[in-house]
Each structure stands twice: as C-alpha cells, then as structure tokens.
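**Student:** Got a predicted model here, sequence first, then my questions.
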Amino acid sequence: MKIFTKAIAGFLLVIGISAIGLATLDLLNAKRDAAKKRGAMVALVVLGIVPAGVGGYLLWAMIDNARRQERGRLRAAFFQLVKAGQGRISAFDFAMETGLAIDDAKLYLDERAQKFYAASHIDDEGGIVYGFQLGHADPKTLFDSSDPTAPTYAVLLKTVPSEQEEGVLEVLQELMQVDADSIKDVLGEPLLPVQIGVTQAIAQDYRKRLEDAGATVLVVLE
C-alpha cells in the first residue's frame with residue numbers, strides 16, 4: 001500500500017509539475033492569442049496545480065505518518081525500558097533496543113530528561129544512565145544503594161475518560177512534576193508509568209488521588 005501510494009504521489013507530482021511548466025510557458029508566450037492563453041490557464045489549474053497539490057499532499061501525509069509511527073515506536077521502547085529498569089535507562093540500552101545511533105539515543109533521552117523530572121549520571125563504564133522517577137521523590141535516589149529485598153510498586157495509568165481528562169492532567173502535573181504539554185504527549189500510552197519503584201503506601205496514595213480525579217489506575221508489585 002505504501003509503495004502504491006508513493007507511486008501515485010510521484011506520478012501526480014510529475015504530471016502536475018510538467019503541466020505547470022508547459023502552461024506557464026504558453027502564458028508567457030506573447031505570440032499566443034487570448035483563446036490559447038485561456039486554455040493554458042485551464043490546463044495550469046486542472047492538469048498542473050490540482051495533480052501537483054494532490055501528489056504533494058499524499059507525499060506529505062506519508063512522511064508525516066512515518067514520523068508519527070517512529071515517535072510512537074521510540075516512546076514505546078522508552079517506557080518499556082524505564083519500566084524494566086525500575087526508572088533507570090541507559091543510552092546504550094536505548095540505542096540497542098531502538099536501532100538508533102548512540103548519539104541519537106542520547107539526544108532523545110536528553111529531551112525526555114528535560115520534559116520529565118529526571119537525573120543522570122555516568123556509570124562505571126563511562127556510559128550515561130538516566131533516572132526517571134516520574135514523581136515527587138528525587139530521581140537521584142534511583143542511583144543510591146537500597147535494600148534489594150524491599151518490595152516496590154509501580155503506579156500505571158490505565159484509562160482516562162475524555163470528560164475527566166482536565167482533572168486528571170492537573171493531578172499528573174503535580175505528581176510527575178512536568179508541564180501539561182509533556183503529559184498530553186504521552187497520555188495515550190498504554191499503562192503509562194506515573195511512578196516506579198515506590199513503597200506500597202506511596203503507590204496507594206497516588207492511586208487514590210488519580211482515581212478521585214476520574215482515572216483508572218493499576219498498582220503492580222515489581
């Protein structure tokens with residue numbers, strides 16, 4: 001389907017641009033009479049501008065759709081790795097998971113770190129590790145030593161009714177310490193991690209506040 005659409009878009013662009021060029025030459029030709037120039041004007045619109053516009057739109061729509069799919073793929077990989085790492089994610093792991101170059105992976109995670117309440121440090125091997133706490137707690141604590149036997153929980157946002165979205169966004173802004181636009185960008189993600197690696201008491205508090213705002217929330221033992 002993509003190949004067919006690309007072929008159609010290319011065909012229309014070639015036809016349209018060619019017709020625009022020929023019709024323009026006719027219009028600029030002083031030897032053409034008024035009737036021929038009117039015909040050239042019709043050809044310019046019908047055979048030139050319209051096909052070129054449709055072809056250009058099809059091509060733009062394909063590019064835009066590919067970009068949106070790529071953004072969705074990177075977001076899904078990002079949240080999957082953050083969840084698996086209990087808030088920690090390295091540029092190397094993200095590059096391996098997504099197929100990005102390491103510099104592009106760092107750039108993506110740097111942008112995420114600016115949007116979310118995040119911290120970063122250099123590991124023993126010289127790689128960059130990011131900590132996304134996504135809540136009130138200092139994300140730097142993700143790099144501190146802790147009792148590995150202590151149970152931790154993840155708070156996952158399951159659904160948000162459209163009529164309750166504004167109230168839920170306000171609560172998420174407070175809990176995640178990020179701006180509304182950043183939250184809207186990921187609000188449609190399935191099982192959005194709101195908080196990771198917290199005690200049961202904190203997890204239940206988050207769930208209550210979000211459910212009071214109208215959201216459906218899951219608390220999962222990690």
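**Tutor:** That came in fine, so what should we check first? Everything numeric in this text was worked out from a predicted model, so none of it was measured.

**Student:** any idea of the mean pLDDT for the longest helix anywhere in the chain?
**Tutor:** With DSSP state H setting the assignment, residue counts place helix 50-84 as the longest helix in the chain. The predicted model assigns helix 50-84 a mean pLDDT of 84.

**Student:** Gly127 reaches Ala95, doesn't it?
**Tutor:** No: at 10.1 Å, Gly127 and Ala95 do not qualify as touching, with contact defined as CB atoms under 8 Å. C-beta here means a position set from N, CA and C on the backbone, and glycine is covered the same way.

**Student:** Between those two, which has more neighbouring residues?
**Tutor:** A direct count of neighbours by other CB atoms under 10 Å for Gly127 and Ala95 places Ala95 higher, at 18 against 14.

**Student:** Can you tell me how far that one is from Arg88?
**Tutor:** When CB to CB, to the nearest Å is the yardstick, Ala95 and Arg88 sit 15 Å from each other.

**Student:** Now do the contacts for Ala101.
**Tutor:** The neighbourhood of Ala101, defined by CB atoms under 8 Å, 6 or more residues apart in numbering, consists of Ala95.

**Student:** Would you state the helices of the protein in chain order?
**Tutor:** Listed in chain order (using DSSP H), the helices of the chain are 2-28, 34-43, 50-84, 91-98, 102-115, 165-176, 180-186, 200-212.

**Student:** ok, residues contacting the fifth one?
**Tutor:** Among residues not part of helix 102-115, those counted as contacts by CB under 8 Å, 6+ apart are 74, 78, 89, 91-92, 94-95, 98, 100, 118-120, 128, 130, 132, 178-179, 182, 185.
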